[in-house]
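Enquirer: Structural data only, the sequence is not supplied:
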């Protein structure tokens, strides 16, 4: 669930919990975690994405970059590359 993932980020951004789908705003009142609101990732501004997720977050991936056939991809994650070296590429 999104809340389970978001709870793992407790303490990273005071007053906010993040997950892949968006950001929960919270407040601690009398020792209880109270969720105030939720903002879907698609509604976040570029500044908010940078604040909560970091500047390296891809916000839009054009449809032409998505393929079902992995042999047709233009780029791959390092761990997906067959025969990748033990060390990250520099």
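Expert: Noted; the coordinates are in hand. Predicted, not measured: the structure shown is a model, and the values here were computed from it. Numbers count the residues shown, from 1 in each chain.
Enquirer: Tell me which residues of the top helix by length along the chain come out buried.
Expert: Using DSSP state H, we find that the single longest helix of the chain is helix 46-53. Across helix 46-53, burial judged by 16 or more other Cβ atoms under 10 Å covers 49, 52-53. Every C-beta, even on glycine, is put in place using the N, C-alpha and C of the backbone.
Enquirer: Please enumerate the strands of this structure.
Expert: Ranges of strands in the chain, per DSSP state E, are 16-19, 22-29, 32-40.
Enquirer: Compare the ones you listed and report which one is nearest to residue 9.
Expert: Checking these against residue 9 by Cβ to Cβ gives strand 16-19 as the closest, at 4.9 Å.
Enquirer: helices and strands around the helix or strand of the chain with the lowest mean pLDDT, which ones?
Expert: Least confident helix or strand, the chain: helix 46-53 with a mean of 88, by mean pLDDT, DSSP states H and E. Judged by 3 or more Cβ pairs under 8 Å, 6 or more residues apart in numbering; DSSP states H and E, the packing partners of helix 46-53 are strand 16-19.
Enquirer: what mean pLDDT does the strand it packs on have?
Expert: The pLDDT scores in strand 16-19 average 92.
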